[in-house]
Structure formats: structure tokens, C-alpha cells
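Chemist: Have a look at this prediction, sequence included:
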Amino acid sequence: MSINTSTSTGPSLRAAAAATFVVFGVNGFVFASWAARIPAVTETLHLTSGQMGTLLLCTAIGSLLALPTAGLVVGRIGTANAVRSAGVLAALAGVGIALSLSAESVAGTAISLFFFGIGIGLWDVSQNIEGADVEHKLRRTIMPQFHAAFSGGAFVGALIGAGLSSIGVGLPLHLLAIAGIVVVVALIAPRYFLPHLPEAALADGEPRTPKESAWRDGRTLLIGVVVLGATLTEGAGNDWIAKATVDGLGASESTGALMFALFVLAMTAMRFFGGRVIDTYGRVAVLRASMAAAAAGLGMFVLAGNVWLAGVGAALWGVGAALAFPMGMSAAADDPKHAAARVSVVSTLGYVSFLAGPPLLGYLGDLTGIHLALLAILAPIMLALLLAGAAKPLASK
């Protein structure tokens, strides 16, 4: 991975934390700005829901190809250059999407979405590695706040996307503006990252350890399984809680949207304030409590006989889903020498679950109804709870 080559002073460390916070926020903003306008894409390209789902797979494939190799890229060029490269690639892909939509080209949009997915995947791993490094230097838990920035950025991006749609601003113009913002942030914010040198630039006299694939590290894989359960919990809530409210409780679509907003609000708030909880009680204890809360909230939501009780369950579900992913990133990065590769592995496992889990729940929902299908998530939640001990911080050397 990239190696910190100097002792960070207070001001430079605070600047690095602020820059990382901004990078996380803009990542969420970009993702939600696109997601909020998906109906416009469907209309512009004259696609059915199934065809749009296939088109969206191009983004998922790009991300899943980028994630396993992102650790190697960061190790070669450092986190700052990796974020710059990822941001510029995502911005160029956004321009490609805009031009393809203007030409009503499905093929062009698909290719652009593939490269957009690569950029977002590399960006995600790079920002998590930088966040973990900042967290190590601060000697307190701050990773959940970075992920709260992502959630907050996504919330703002969704609002702006909805607002622009309501006043008739075309998606191509929207995407071009977003691309401009991304380029500016991607080129400027990493200047304030902690100083790094790529592996190749290390002095010959520095001790080296034999390179071994992070995919063979037992602790990393166990952390990945924990994160897999956590991201499935979060992804299922994002994708299905609104529809489950409508189908299971007979509520209106607006009530379903409010239930989703409650879930996201609870998750974001817990991420902002959860760092102190982790520092007080320890990573493993909070991880177990998080999974227990997610299981209890999910059960309450599904079994509730009214909207109010279901709302309490949704909030508890969001609180439980909030901290597991950022804690998994912190655990994977405990050993700075191997952080890039291990964060890449854990991110890959998490995103596979995040992207593939909700559609599988949809297929199960065709048989049982999506409301009851959500109970299937209890299995990975309980597995994550049982394996939470793998995230125990490594002893300092």
C-alpha cells in the first residue's frame, strides 16, 4: 500500500480529515445524483424496467472488476493519485453518459456506465484507505463519520436530482455539471491527504515482507463475511423498505417513502455519533450490538401490525446497519503495511452482497411477498454477529 513517510502535525492531520470527509461526501453526492435520475434515463432511452436493470448491471460489473485490483493501484500510485484518477475517470464517464443520452444511444450509455463503475469502485477503496490512515493517526474512531458524509452527500444529491427533475432540467446538462464538480474536487481535495509514497519508492534498506494475497488471509476473509452480512442488511433496507411498507402494511407510497427516509436518517445519525460509542465500548462489542439491533429492528418492522411500530423497527434497523461497514474498513486496515490489499478484499465482498443481495430478495419476494422475504436477512445478520470477534483490533507492534 502507500506508506506514510512523515509524522503528521495537528493542522495537517485536521486538513487530511476534512479533505477525506469532502471526498466521501462528493462520492455519495455523485452516486445519488445519478440514481435519482434513473427514471429519466429509462424514458430517454425508451427502456422497460427489465432493460434498465440490465443497463445498470454495467455499472455493477465495472465496480466489481475495479474493487479487487484497487488495492494494487493504491499501492502503486498512493491514495491521493488514486482518488484523482478515479474522479477524473468517473467525470469523463459522466460526460460520456450525457452525450450518449443526448444521442439516445443505449450502447454508448452502457459503455460509459461500465467506466463510471470502475471509477466509483476505485474511488471507494481509495477513500476508505485514506480514512483508515487518518483514523490511525488521530487515535480515535472517525471512519463512521466519513461514511456519514457519504450518506449525507447522497441525501443532498437525491434532493438536487429530484429538484432539477421537477423544474425540467435535462439529465445531460445535470450530468455535465456534476462532472465539472467531480473534477474540481478530485484534483484539489487530495492535495491535503496525508503524505504518502508508493511502495516502489521505498528505500532499499527498509524491511520488506513476502507478498501474500490478501484473499488468503483468514482474518481478512472473516471480516469480509461480517461486512457482507452488514451490507446486505443496509442494501435490503435501501431497496425494499419502502415497497415492503406499502405491500405489507397497506400504506400509501408517500408513507413508504417516509419509512425509507426514517431508515436513512437513523443510519446517518448513528454514523455521525457512533465513533464515540466505538471508542468507549470497543469495536467488537459495538459490532455485536449493531447486528443485534439490526435483527431486532428488522423483526419488529416485518412483524409490526401498524405503521408506527414498524417505524420504530425501521429506525432500529437503520441504527444497527450504520456502523458495521465502516468498522469493517477500520478492521481491515489495522495493519498499515497491508491495508490497501485487505480493504480492497473486504470492499469487494461487501459490494457483491450490496449489489447482488437485494435482487435475490426480490426473486424471493415473488414467492412470499417482499415483506416476509426480508426475514431471510436474519441469517447473514446472525452470522455476522457470531463472527464479529474477527474484527478485534490487532495488537500494536
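Modeler: That came in fine, so what should we check first? Numbers count the residues shown, from 1 in each chain.
Chemist: Where does the prediction get shaky in the stretch 1-150 of the chain?
Modeler: Low-confidence segments of the stretch 1-150 of the chain, defined by pLDDT under 70: 1-11, 35-36, 39, 49-50, 53.
Chemist: same question, the stretch 201-350 of the chain
Modeler: In the stretch 201-350 of the chain (pLDDT under 70), the answer is 201-212.
Chemist: need the helices for the stretch 51-200 of the chain, in chain order.
Modeler: 106-138, 143-166, 171-188 (DSSP state H, counting those that start in this stretch).
Chemist: Of the ones you listed, which stretch is the most buried?
Modeler: Greatest average neighbour count among the helices of the stretch 51-200 of the chain goes to helix 106-138 (a mean of 24), per mean count of other CB atoms under 10 Å. For glycine as for every other residue, the C-beta is placed from the backbone atoms N, C-alpha and C.
Chemist: Quick check: which helices or strands does that helix pack against?
Modeler: helix 10-35, helix 38-45, helix 49-102, helix 143-166, helix 324-332, helix 339-368 (3 or more CB pairs under 8 Å, 6 or more residues apart in numbering; DSSP states H and E).
Chemist: and those helices as JSON lines, adding distance to A304?
Modeler: As requested, those are exported to JSON lines (distance: least, CB to CB, whole Å):
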{"stretch": "helix 10-35", "distance to A304": "28"}
{"stretch": "helix 38-45", "distance to A304": "30"}
{"stretch": "helix 49-102", "distance to A304": "29"}
{"stretch": "helix 143-166", "distance to A304": "24"}
{"stretch": "helix 324-332", "distance to A304": "23"}
{"stretch": "helix 339-368", "distance to A304": "17"}
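Chemist: Ok, which of the ones you listed comes nearest S126?
Modeler: Closest to S126 of those is helix 49-102 (CB to CB; 3.9 Å).
Chemist: in what helix or strand does P380 lie?
Modeler: Taking DSSP states H and E as the criterion, P380 maps to helix 378-386.
Chemist: If you count neighbours, what's buried in that helix?
Modeler: 378, 380-381, 384-385 (16 or more other CB atoms under 10 Å).
Chemist: Touching that helix from outside, list them.
Modeler: 225-230, 232-233, 287-288, 291-292, 294-295, 298-299, 324, 353 (CB atoms under 8 Å, 6 or more residues apart in numbering).
Chemist: so how far is it from its chain's centroid?
Modeler: 20 Å (CA atoms, centre = their mean, to the nearest Å).
Chemist: next one: whichever strand or helix holds R271 to chain centre, how far?
Modeler: Assigned by DSSP H and E, R271 belongs to helix 253-281. Here helix 253-281 is found 15 Å from its chain centre; the criterion is CA atoms, centre = their mean.
Chemist: for stretch 55-63, same thing?
Modeler: 15 Å.
Chemist: Restricting to C-alpha, output that stretch in PDB.
Modeler: The C-alpha trace of stretch 55-63 is given here as PDB (Å, rounded to 0.1, in the frame of the first residue of the first chain):
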ATOM      1  CA  LEU A  55     -28.200  -1.500 -18.200                       C
ATOM      2  CA  LEU A  56     -27.500  -0.800 -14.600                       C
ATOM      3  CA  LEU A  57     -25.500  -4.000 -14.400                       C
ATOM      4  CA  CYS A  58     -22.900  -2.300 -16.500                       C
ATOM      5  CA  THR A  59     -22.100  -0.100 -13.500                       C
ATOM      6  CA  ALA A  60     -22.000  -3.000 -11.100                       C
ATOM      7  CA  ILE A  61     -19.700  -5.000 -13.400                       C
ATOM      8  CA  GLY A  62     -17.300  -2.100 -13.700                       C
ATOM      9  CA  SER A  63     -17.200  -1.600  -9.900                       C
END
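Chemist: For S213, find the nearest of the helices and strands packed on helix 106-138.
Modeler: Using CB to CB, those put helix 339-368 closest to S213, at 7.7 Å.
Chemist: The closest one: which residues count as buried?
Modeler: In helix 339-368, counting by 16+ other CB under 10 Å, buried: 339-355, 357-358, 361-362, 364-365.
Chemist: For it, which helices and strands make contact with it?
Modeler: helix 49-102, helix 106-138, helix 218-249, helix 324-332, helix 370-373.
Chemist: and that helix with helix 218-249, angle?
Modeler: 30 degrees (axes from the mean of the first three to the mean of the last three CA atoms, to 10 degrees).
Chemist: Would you agree R271 is in contact with A322?
Modeler: Yes - at 4.9 Å, R271 and A322 qualify as touching, with contact defined as CB atoms under 8 Å.
Chemist: Quick check: neighbours shared by these two?
Modeler: 144, 147.
Chemist: So which of these two has more stuff around it?
Modeler: More crowded of R271 and A322, by other CB atoms under 10 Å: A322, with 30 against 26.
Chemist: how about the more buried one, what does it touch?
Modeler: Counted by CB under 8 Å, 6+ apart, A322 has contacts 144, 147, 266-268, 270-271, 274, 290.
Chemist: circling back: could you export the helix holding P380 as PDB, CA atoms only?
Modeler: Extracted C-alpha coordinates of helix 378-386, given in PDB (Å, rounded to 0.1, in the frame of the first residue of the first chain):
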ATOM      1  CA  LEU A 378     -31.700 -12.500   9.600                       C
ATOM      2  CA  ALA A 379     -29.400 -15.400   8.600                       C
ATOM      3  CA  PRO A 380     -26.500 -13.300   7.400                       C
ATOM      4  CA  ILE A 381     -27.100 -10.900  10.300                       C
ATOM      5  CA  MET A 382     -26.700 -13.700  12.800                       C
ATOM      6  CA  LEU A 383     -23.600 -15.000  11.000                       C
ATOM      7  CA  ALA A 384     -22.100 -11.500  11.200                       C
ATOM      8  CA  LEU A 385     -22.900 -11.400  14.900                       C
ATOM      9  CA  LEU A 386     -21.200 -14.700  15.500                       C
END
